[in-house]
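In: Here you go, sequence then predicted model.
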Amino acid sequence: MTPAEKLSKESILAQIFANDDIRREAHALASMSRTEDDPRVTDIDVSAARRYLAAAIMRMSDVEARSLNPKDMAGLWARGALGCARYRAKRGKSA
């Protein structure tokens, strides 16, 4: 990844994280995606999923990252948030 591509992706991430509408949509999508056995998705899970979202975007091609629309961004963030909720619940049961 070139320095320009890294800067571009960091800019995309900053825009996503600053957008409360995308965050709310991610939380809503994660909540709707959970199954009956899944834990409730919390704001903490959404915050924790920032690392997942950042890693996913940094692995994308520059063209792919720039072509994401807000719904795509929220969906990717939601996937991470649900994963964080599941991990949190699993850790709680084994502790």
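Out: Done, it's in.

In: Correct me if wrong: Ala54 contacts Leu13.
Out: Yes. Ala54 lies in contact with Leu13 (Cβ atoms under 8 Å); the separation is 5.5 Å. The way it works is simple: take the backbone N, C-alpha and C, and place the C-beta from them, glycine included.

In: Who are the packing partners of the host helix or strand of Met32?
Out: In the assignment (DSSP states H and E), Met32 maps to helix 20-33. Under the contact definition 3 or more Cβ pairs under 8 Å, 6 or more residues apart in numbering; DSSP states H and E, helix 20-33 sits against helix 43-48, helix 70-94.

In: Swap in 10 Å and give it another go.
Out: helix 3-18, helix 43-48, helix 50-59, helix 70-94 (3 or more Cβ pairs under 10 Å, 6 or more residues apart in numbering; DSSP states H and E).

In: ok, residues contacting the third one?
Out: Outside helix 50-59, the residues that touch it by Cβ atoms under 10 Å, 6 or more residues apart in numbering are 1, 5-6, 9-10, 12-13, 16-17, 22-23, 26, 46, 49, 64-65, 68, 73-74, 76-84.
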